[in-house]
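Novice: sequence first, predicted coordinates after that:
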Amino acid sequence: MGCSSCSTGKDGQPRGCKNNGTCGTDGCNKLTVFDWLANMSLPNGESAFDCVEVRFKNSRKEFFRNTEKLSLSIGDVVATQAQSGHDIGMVTLVGELVKVQMKRKKVDFKDEALAKVYRKASQSDIDKWQKCRDREEEIKKRAREMAIILNLQMKISDVEFQGDGSKATFYYTAEDRVDFRQLIKDMAKAFSIRIEMRQIGYRQEAQRLGGIGSCGRELCCSTWLSDFRSVSTSAARYQQLSLNPQKLAGQCGKLKCCLNYELDTYLEALKDFPSQDTKLFTEKGLAFCQKTDIFKATLWFSYKDDPANWHTLSKEQVQEILEKNKKKEKVASLEEYAVDNIVIDEKVVFENVVGQDSLTRFDKPKRSRNSKNRNKNRNRNKSKNKKGGNPNARNNNNKNRNNNNKKRQPKNA
């Protein structure tokens, strides 16, 4: 959801909110929550909830207690308590909805040990924080080079500086356990800061870094999806998708989270469908199920002796045949039922109703103008040769005849 400050300016260029890549009203950030209680006043005698949600780099969000009773709103940059020193973040949610989010994420809002908000960040705090943010890419590159030199089987995916610049957290992914004690010593000596290594999964890596999915939209895990449910290949089988890992895997290398979105609907629709192992007994032979179409409620069957020819049956017809088979009755053949399901495909003809061009106008390649001119010149030359011949050729023939006549004449004595 875009905010009003990111609208277009007078010259057609995006106006932006002058926050150097971060949104001032939290309308364009990751994992945002719409504050639908913002315009509602509190009842008489009720005080505002004293906890706020603060967002740091990428999708990391934490809850802090506003002990100083600061008047905070969404988009304010604040200095918060850290293990040592302070950190700089942006307020993303205030009010009663913070309590709902804390309950949802199982954070005790009555805990007295909850970290505090120190103050609103001053300009010097923001400048120092911005300088630390500018160093992150260079330090990440050098840290990766150090890990390669030490032959460590790990990938450093992201670096996050603390707001005061005294500490840096390195997020990495690895298949097995990694002994990075020597790496921490080298990095602390090279960067002169305290180092914290934090291992994350591949899905958490994609959530932090973000990106564009195969659907053309931003990744769900980095925009709104907050919990990662397990995804199995059975979800693709129920939805009759091809088990192609290149199509089913996301940017994290795991199965796409969106495979679970419509799974419940497919499972509900498949309750009334016969199973894939259904066998139909006919007088013509035994028939097996080859394919099902949930949307059209049709199934395709073929005989055991003739698997190449498929017969289309509706779901009700298959259930009718199964009921007869339970009574030990055989139907004559599948063809009797399949005849009713034959549909003649009507060809849709394009009609130029509103003056549009033909849809097949790009099927035939266009001929260049040079080739047309060449063909015209060739046709002209052919017509001239047929009528009177080429004048140059006639002149050459006359010259040759005169020369021959001169040779034949006798010389005077």
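Specialist: Thanks, I have it.
Novice: residue ranges with poor pLDDT in this protein?
Specialist: Along the chain, segments meeting pLDDT under 70 span 1-29, 339-377, 379, 381-413.
Novice: what's the closest residue to Tyr337 other than its chain neighbours sitting at in phi/psi?
Specialist: Distance criterion CB to CB, 6 or more residues apart in numbering; nearest residue to Tyr337, sequence neighbours excluded, is Gln317 at 4.7 Å. Where you see a C-beta, it was placed from the backbone N, CA and C, and this is true even at glycine. The phi and psi values for Gln317, taken as degrees, to the nearest 10, are phi -70, psi -40.
Novice: Glu335 now?
Specialist: According to degrees, to the nearest 10, Glu335 has phi -60, psi -30.
Novice: wait, it sits on His311?
Specialist: Yes. With contacts counted by CB atoms under 8 Å, Glu335 reaches His311, the gap being 6.6 Å.
Novice: those two: which is more packed in?
Specialist: A direct count of neighbours by other CB atoms under 10 Å for Glu335 and His311 places His311 higher, at 21 against 11.
Novice: so the more buried one versus Asp272, what's the distance?
Specialist: His311 sits 21 Å away from Asp272, going by CB to CB, to the nearest Å.
Novice: cool, Asp35 as well?
Specialist: Taking CB to CB, one finds Asp35 at 43 Å from Asp272.
Novice: if you count surrounding residues, which of the two has more?
Specialist: Neighbour totals were compared for Asp35 and Asp272, and Asp35 leads with 18 against 11 (other CB under 10 Å).
Novice: I'd like to know how many residues surround the residue lying closest to the more buried one once chain neighbours are set aside.
Specialist: Closest residue to Asp35 apart from its sequence neighbours, by CB to CB, 6+ apart: Leu97 at 5.9 Å. Using other CB under 10 Å, Leu97 is surrounded by 17 other residues.
Novice: same deal with Glu205?
Specialist: Glu205: 19 neighbours (other CB under 10 Å).
Novice: who's in contact with it?
Specialist: 157-158, 171, 173, 252 (CB atoms under 8 Å, 6 or more residues apart in numbering).
Novice: cool, and Gln319?
Specialist: Taking CB under 8 Å, 6+ apart, one finds Pro274 in contact with Gln319.
Novice: and the spatially closest residue to Thr67 that is not a sequence neighbour, what are its bridge partners?
Specialist: Excluding its sequence neighbours, the residue lying closest to Thr67 (CB to CB, 6+ apart) is Lys116, at 5.1 Å. Under DSSP bridges, the beta-bridge partners of Lys116 are Arg65.
Novice: gap between Lys116 and Asp125?
Specialist: Taking CB to CB, one finds Lys116 at 16 Å from Asp125.
Novice: where exactly do the helices run in this protein?
Specialist: Counting by DSSP state H, the segments of the chain that form helices are 96-104, 123-134, 136-149, 181-191, 202-209, 220-223, 233-238, 245-248, 263-269, 315-326, 335-338, 369-387, 391-408.
Novice: Lys116 and Asp125: who's more crowded?
Specialist: Asp125 (19 against 11).
Novice: if I read this right, the more buried one contacts Gly89, doesn't it?
Specialist: No. Using CB under 8 Å as the test, Asp125 is too far from Gly89 to be in contact (11.1 Å).
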